[in-house]
Each structure stands twice: as structure tokens, then as C-alpha cells.
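>>> Following is a predicted model, sequence given first.
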Amino acid sequence: MKYIVCETPGDFQLKEKEAPVRKEGEALLQINKVGICGTDLHAYSGNQAFFTYPRILGHELASEILEIGENDRGLKVGDKVVVMPYISDKNSVASRNGKPNCCPNIRVLGVHTDGGMQQQIVVPADILLPANNLSDDQMAIVEPLAIGAHAVRRADVKPGEIVAVVGCGPIGIGIMKLAQIAGAKVVAIDMNEQRLQYAKEKIGVDYIVKAGDNAADEIAELTNGDLCTAVFDASGNKFALEAGPDYMSHGGRFVLVGLSKGELTYSHPAIHAKEMTLMCSRNATTEDFEHVISVLDQFPTESFITHNVPYTEMINNFDAWLKPETGVIKATVDFNI
């Protein structure tokens, strides 16, 4: 079978190997489509935390069961399934407390262990969710949306709140739509005018603000001086992360979804005066995946996936997906060809 491996930063190779063999408690899957996310882009560029090479990337997967044994969800051969790509230690302190998404021993497909950029893969059967009602395109975007769902749930967004989302990439766009579904009004913040317009026209956010020196003043004007009761950073950019509290109201929450490799600096008096709640949001749980699947019909999947190629053409196209000027929001790769 064919697979694509990132040998070193900037170096993809299309190779061939024997199909994997399923063990007890596992499922053999046919991979139909793989979504490309920021993790894949950062890994290819050599900027991904917790990463080693060589690695088969890909954790946003649309798949179908080829082989499976008895399982708690009643999944069977031929079922379409969404893969929750987080393999946690069930005995860890985080897992015991209902937070397997931040398990200290977590292994994420395509990051800590090989992922889905291959025609077939073997995974634990208990990380699969039924998805016979979803298209391949929809299945391939469930995981990034689940990350957004987890952030919105962490922040406990309430109807009527005005929240800000910094970064109009795939994760940020997901947070925006899911915050709307929770009843909030949304301010989208980004440097890229094209992405801001997408957030306005396709997601239907209430306000768009160009990131920069005047952003906080503009948000204050839009909110009658209140600012936003929750601010989500989905950029992972150091400067954006450090500016986030400026957009937040007194008594507000600042949720770090994007990941920066470096240190962040804040003025303690400024965040203390606001009694800021700082929280991080990592990965997602089964509850988040199930929520996304239940509301996916409210999401503009067709416009969200801007680029799609067969796996035989991925290597030649990947560099272009690193460039926002190409208009990419979500790229996907077909493996069932």
C-alpha cells in the first residue's frame, strides 16, 4: 500500500509498504480522505512542538472499517467512522479525572505516532465513532471542529455573550461557528482581510476587526466599552497571544487554543485588575466529537474545504498550502483512489 512520510522538515516521500495487520482490540481502516491542519504544516516546516522525524502525518481522517472485532459501539465492517486521534493512558491522573485529552502520556496520531497519510491504518477500536450519516468531507473536518467545541465548552460560553476569536484559520473558524451555536455574538480578529471576509460572509460572525494597534479600541467601541467576556486565541502567534487580554472585559476568560513554542509575557497589574481567568484548551474529548457530529449540518463544509488533491499530487501542492495568499483555509487529500 502507498503512504506519505515526512522524513525531515521540508521533505515528503511517497513510499510503499505492506498493509498493517490488526490485533485484538484494534480496527483496520481504509483511509478515504485526510484533512491538512496546522500541526501538519508546522511539522513540515520544522516548527511543531513534541515532534520527531520521520513521521507519517495526518490525524483528521475520513475512514471506513475493513476489519474489526466485537466492540462497545457495535461498529462493523463497512461502517464509516470518525477517528478520535488521541490515544491516552486510562490510568493517568488526567484520564481518571475525565480529561484524557491532556493525559501526560497521550499519543496523537500523526504527531507522537504515525498518522493517516496512508491507504490503510490500524487503530484502537475504542477511538472510533460511527459516522455513516456523514460525507468524507464532513468526516475529515470533525476533528478540528472538535478542538473548537472543547474550547467553547471549557469557556462555558453562554447565550448573549460577546466573545472574540483571534485567528481565522480552521480552528478559529470552528470556534466562531460553535460559539454562535452556543448563542454568543462573535468578533473575528485577523490580519488577513480575505479570511476576515470569509468569517463574515460564510460563518456569519457579528463583527470583524483587523488585528493591529487599534484593535482593542475598535472592540471597545463595538461593545460600548465592555470588551469581550471571553477571548479565544487560535493563532498561536506570540504577539497575538500577548495582546489577547487587551480585548477581554473585566472578569473575563482568556482561552489559549493555539500553541506557541516560546514564552509569553503579560503585565501582572493589568491582568490582575481584570481578575482574568487564563485557561488552555488542548485537543478534545468524546463529548466534543459527538457534539460536532450532531451540529455539523449547520457548518459550511463546502466553502471551508478550499483545496483538495489526490495523494499522488499532495507533495507538489503542499508548499502552496503554507501561504495564506493562496486562499487556503482547509486542504484535504484523497487516499481512496
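Ah, there it is.

>>> lowest-pLDDT helix or strand in this protein?
Least confident helix or strand, the chain: helix 38-45 with a mean of 89, by mean pLDDT, DSSP states H and E.

>>> Could I get the buried residue list for it?
Using 16 or more other CB atoms under 10 Å as the test for burial, helix 38-45 gives 38-44. For glycine as for every other residue, the C-beta is placed from the backbone atoms N, C-alpha and C.

>>> Switch these over to a markdown table; also include distance to residue 268.
As requested, the buried residues of helix 38-45 are exported to a markdown table (distance: CB to CB, whole Å):
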| residue | distance to residue 268 |
| --- | --- |
| 38 | 30 |
| 39 | 32 |
| 40 | 36 |
| 41 | 34 |
| 42 | 30 |
| 43 | 35 |
| 44 | 37 |
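
>>> out of those, what pair is the most spread apart?
The distance between the two most remote of these (CB to CB) is 10.6 Å, for 38 and 44.

>>> Please parse this protein into its domains.
With domains defined by automatic domain parsing, the chain comprises 2-132+300-334, 146-280.

>>> Looking at those, which one is packed in the most?
For the domains of the chain, the largest average neighbour count (mean count of other CB atoms under 10 Å) is found in domain 146-280, namely a mean of 19.

>>> give me the element the spatially most central residue of the chain is part of.
By CA atoms, centre = their mean, the mean C-alpha position of the chain lies nearest to residue 144, the distance being 2.8 Å. For residue 144, the host element (DSSP states H and E) is helix 136-155.

>>> Residue 326: which of the buried residues of helix 38-45 is nearest?
Using CB to CB, residue 41 comes nearest to residue 326 of the buried residues of helix 38-45, at 12.4 Å.

>>> contacting residues around the closest one?
321-322 (CB atoms under 8 Å, 6 or more residues apart in numbering).

>>> ranges for the helices of the stretch 201-337 of the chain?
Using DSSP state H, counting those that start in this stretch, the helices of the stretch 201-337 of the chain run over 215-222, 238-243, 268-273, 286-295, 301-304, 314-318.

>>> Redo those as TSV? Include mean pLDDT.
Compiled in TSV, the helices of the stretch 201-337 of the chain are given as follows (pLDDT from 0 to 100):
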stretch	mean pLDDT
helix 215-222	98
helix 238-243	96
helix 268-273	97
helix 286-295	98
helix 301-304	96
helix 314-318	97
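
>>> could the ones you listed go into JSON lines alongside distance to residue 119?
Converted to JSON lines, the helices of the stretch 201-337 of the chain look like this (distance: least, CB to CB, whole Å):
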{"stretch": "helix 215-222", "distance to residue 119": "45"}
{"stretch": "helix 238-243", "distance to residue 119": "38"}
{"stretch": "helix 268-273", "distance to residue 119": "49"}
{"stretch": "helix 286-295", "distance to residue 119": "24"}
{"stretch": "helix 301-304", "distance to residue 119": "24"}
{"stretch": "helix 314-318", "distance to residue 119": "13"}
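
>>> does residue 196 count as helix, strand or coil?
Secondary structure for residue 196, judged by DSSP: H, G, I helix; E, B strand; the rest coil, is helix.

>>> Quick check: the gap between it and residue 120.
With distances taken as CB to CB, to the nearest Å, residue 196 is found 40 Å from residue 120.

>>> follow-up on the earlier one: now, which of the buried residues of helix 38-45 sits nearest residue 140?
Nearest to residue 140 among these is residue 40, at 12.5 Å by CB to CB.

>>> Residue 51 is in contact with that closest one, correct?
No. The criterion here is CB atoms under 8 Å, and residue 40 misses it with residue 51 at 10.7 Å.
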